[in-house]
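Enquirer: model the following, please.
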Amino acid sequence: MSYRLPLLLLLGVVGVVAAGCGSDPVVDGGAIVGTVVDGSTGLPLPNATVRCGSSATSTDAHGRFYLGDLPTGPATVTATAAAYQPSAGVDASIIGQTVSEVSVRLVPDETESAPATAFTPEPRVVEVVSSGTVSGTIIDAHDGVPVPGAWVHLADGPASCTSSETGTYRLASVPAGGAEVVYATRGYREERRAVDVNTDGEAVIDVPLVAPETGEIVATARNVSTGAPLAGVEVTTEPLRRSAVTLPDGDARISHVPAGEYTLLFHREDFGQATAGLVHVDSIEWPHVTSGLAPTLGGLVGTLSDVSGRPLAGWTLLLSGLTTTSLTTDDTGRFELRDVPLPADGVAVELTPQGGRARAHATLRPGVTEDAGPLRLVR
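Expert: Predicted coordinates for the structure are as follows:
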């Protein structure tokens, strides 16, 4: 496998306080993006102070923060906010030329009159005489895949936004004239663009992000009932949402995955969904993950005839136990019900030919098409 940049050894997250964060310019350094949230409610905390060594910043109105130009290696991120206890520190690994991501949870300080919901201080007021908008699409430079959830913000100003599921973004309140916009998300190199917008105007900038260090995930899907490989299962990484579909051997390969940790989502319509993770990926460690999926759909087939054995076409059978309440036979007396969502332990059903006295009973199970056999109409 070839790489455009020298391979970087990804240092594992370790539980030590490191002097890896600094404020001086760093050659080939990394960056951290993340959020600070209320540990009780999960709501974002604006204006929290975030520190990594001697570097510090404040969260925006959505609790997001960015720390750039950091030396590579293990480091610890801390956060403080009014009416909250200081965080104990979150371990992070700074990767050269790459953005890492952390989340910091703050616990309300019970010794103070902490609010019931997330602390919302007075917003910072920045007077902007005139402003415009910057918009565009953020994609992966390698394959053009949209990059969702990338943080876009002014290098010197409070304006910020995140890219959508399709990679599009729209950054408002950009000061008219010259400004610098920062694009950052986990696993990719930070990008900066100088923009010049007119008052009430809009500049369009599409930004490709480079992942300096990438790996590959091999995911295998199997039927938990039979152990057989499952084809047609969509496997998706969360976050970033890169995906691939399993082949007849049950394997799917998701290539060019930026270094980091991911959860894998396995999904096929008739088998429901399974989750596997956390999975660590870098240029050296390419994981192989196997997950089993249980079938969720079943069915019922059979034939109906009179006592002499003559097929009964167009005949109605009443069905109890399911949302479908009736079936109709075809020209050969055959009836069928397929792709019925079923619980894991199955459902007992009862079939009664309209106008008849005899009844048939069957238990429908996921992954099985039950054969009710030949039924005879007894009046």
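
Enquirer: in this structure residue 34 contacts residue 79, no?
Expert: No: the pair residue 34 and residue 79 does not pass the contact test of Cβ atoms under 8 Å, sitting 9.1 Å apart. No exception for glycine: its C-beta is placed from N, CA and C like everyone else's.

Enquirer: for residue 201, give me its contacts.
Expert: 132-133, 176 (Cβ atoms under 8 Å, 6 or more residues apart in numbering).

Enquirer: which of those lies closest to residue 66?
Expert: residue 133 (20.3 Å; Cβ to Cβ).

Enquirer: okay, and that closest one sits in which element?
Expert: In this structure, residue 133 sits in strand 131-140 according to DSSP states H and E.

Enquirer: quick one: strands adjacent to the lowest-mean-pLDDT helix or strand in the chain?
Expert: Counting by mean pLDDT, DSSP states H and E, the weakest-scoring helix or strand in the chain turns out to be strand 90-94, with a mean of 84. Neighbouring strands of strand 90-94 in its sheet, by DSSP bridges, are strand 73-80 (antiparallel).

Enquirer: export the strand it pairs with as CSV, just CAs?
Expert: Coordinates of each C-alpha in strand 73-80 appear next as CSV, following Å, rounded to 0.1, in the frame of the first residue of the first chain:
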residue,chain,number,x,y,z
GLY,A,73,2.7,12.8,21.6
PRO,A,74,0.4,12.0,24.6
ALA,A,75,-1.3,15.0,26.3
THR,A,76,-4.1,15.9,28.7
VAL,A,77,-7.0,18.2,28.0
THR,A,78,-8.8,19.9,30.9
ALA,A,79,-11.8,22.3,31.0
THR,A,80,-13.3,24.7,33.5
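
Enquirer: list the residues that contact the residue nearest to residue 199 when sequence neighbours are not counted.
Expert: What sits nearest to residue 199 in space, not counting adjacent residues and going by Cβ to Cβ, 6 or more residues apart in numbering, is residue 130, at 3.9 Å. If you count contacts by Cβ under 8 Å, 6+ apart, residue 130 has them with 175-176, 199-200.

Enquirer: ok now the least confident helix or strand of the chain, how far from the chain's centre?
Expert: If you compare the mean C-alpha spot of strand 90-94 with that of the full chain, they lie 21 Å apart, counting by Cα atoms, centre = their mean, to the nearest Å.

Enquirer: whichever helix or strand comes after it to strand 90-94, inter-axis angle?
Expert: Using DSSP H and E, the next helix or strand after strand 90-94 towards the C-terminus is strand 99-106. Between the axis of strand 99-106 and that of strand 90-94 there is an angle of 170 degrees, by axes from the mean of the first three to the mean of the last three Cα atoms, to 10 degrees.

Enquirer: and strand 99-106, what does it pack against?
Expert: Here strand 99-106 touches strand 30-38, strand 73-80, strand 90-94, going by 3 or more Cβ pairs under 8 Å, 6 or more residues apart in numbering; DSSP states H and E.

Enquirer: listing partners with orientation, what would you give for it?
Expert: Strand 99-106 sits in its sheet next to strand 30-38 (parallel), going by DSSP bridges.

Enquirer: in the partner strand, which residues are buried?
Expert: 30-38 (16 or more other Cβ atoms under 10 Å).

Enquirer: ditto for stretch 75-89
Expert: Residues of stretch 75-89 classed as buried under the neighbour-count rule (16+ other Cβ under 10 Å) are 75-79, 81, 83-85, 87, 89.

Enquirer: tell me the one among those residues nearest to residue 42.
Expert: Using Cβ to Cβ, the shortest approach to residue 42 within the buried residues of stretch 75-89 belongs to residue 84, at 13.7 Å.
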